[in-house]
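quick one, what's the 3D model for this:
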Amino acid sequence: MIFFMTLTTLDPIPDASLPAMPGQRLARGVCRHLRALDFAVIEEFVPVAGLRVDVLALGPKGELWVVECKSGRADFQSDRKWQGYLDWCDRFFWAVDQDFPTELLPEDTGLILADPYDAEILRIGPETALAPARRKVMVQKFARQAALRLQAMRDPAAGISGL
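The predicted model follows:
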């Protein structure tokens, strides 16, 4: 993984030449599906230090959805931080493949069935609207990260000091 240095963060940019991990393959299908629903998406988004969501989606009405991609039982059971993501979105979803034991997932969360090429929303979790001030911060972070990643793809040396 290549790291892009900004003044305030280390922002991981996936290296397309490396094989994708199982969760990344699920994220790709989720992102394709959400894009078809008119959401803009960012993978591996950091809302605050110590948390990194697999997919953050910004909807056409400003809604923010977090999607955590789980490749299997062990991946889900080892996740100790997912409840911390609830404070940073309007809706929370799990994305899993067809072989995942979905009975493990909390009923009061969204559920997306995904593969590397597409996804289907099976269950929409409850909406817990963000406070306006937090929404503003999240939308600004989303826009900033999207712009920095685009710039890093266009000119990788631009954000690395000392070059």
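
list the buried residues in the longest helix along the chain.
When secondary structure is assigned using DSSP state H, the longest helix within the chain turns out to be helix 132-154. By neighbour count on 16 or more other C-beta atoms under 10 Å, the buried set for helix 132-154 is R135, M138, K141, F142, Q145, L148, R149, A152. Heads up, the C-betas are built off the backbone N, CA and C, glycines and all.

and these as CSV, adding distance to E127 and pLDDT?
Supplementary listing: the buried residues of helix 132-154 in CSV, determined by distance: C-beta to C-beta, whole Å; pLDDT from 0 to 100:
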residue, distance to E127, pLDDT
R135, 13, 97
M138, 15, 97
K141, 21, 97
F142, 18, 97
Q145, 24, 94
L148, 29, 93
R149, 28, 92
A152, 33, 91
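
closest one of the residues you listed to E120?
For the buried residues of helix 132-154, the closest approach to E120 (C-beta to C-beta) belongs to F142, at 24.3 Å.

contacts only, for W82.
By C-beta atoms under 8 Å, 6 or more residues apart in numbering, the residues touching W82 are E68, F92.

let me fix that, I meant to ask about Y117.
Counting by C-beta under 8 Å, 6+ apart, Y117 touches R28, G29, R32.

and with 10 Å instead?
Taking C-beta atoms under 10 Å, 6 or more residues apart in numbering as the definition of contact, the neighbours of Y117 are R25, R28, G29, R32, H33.
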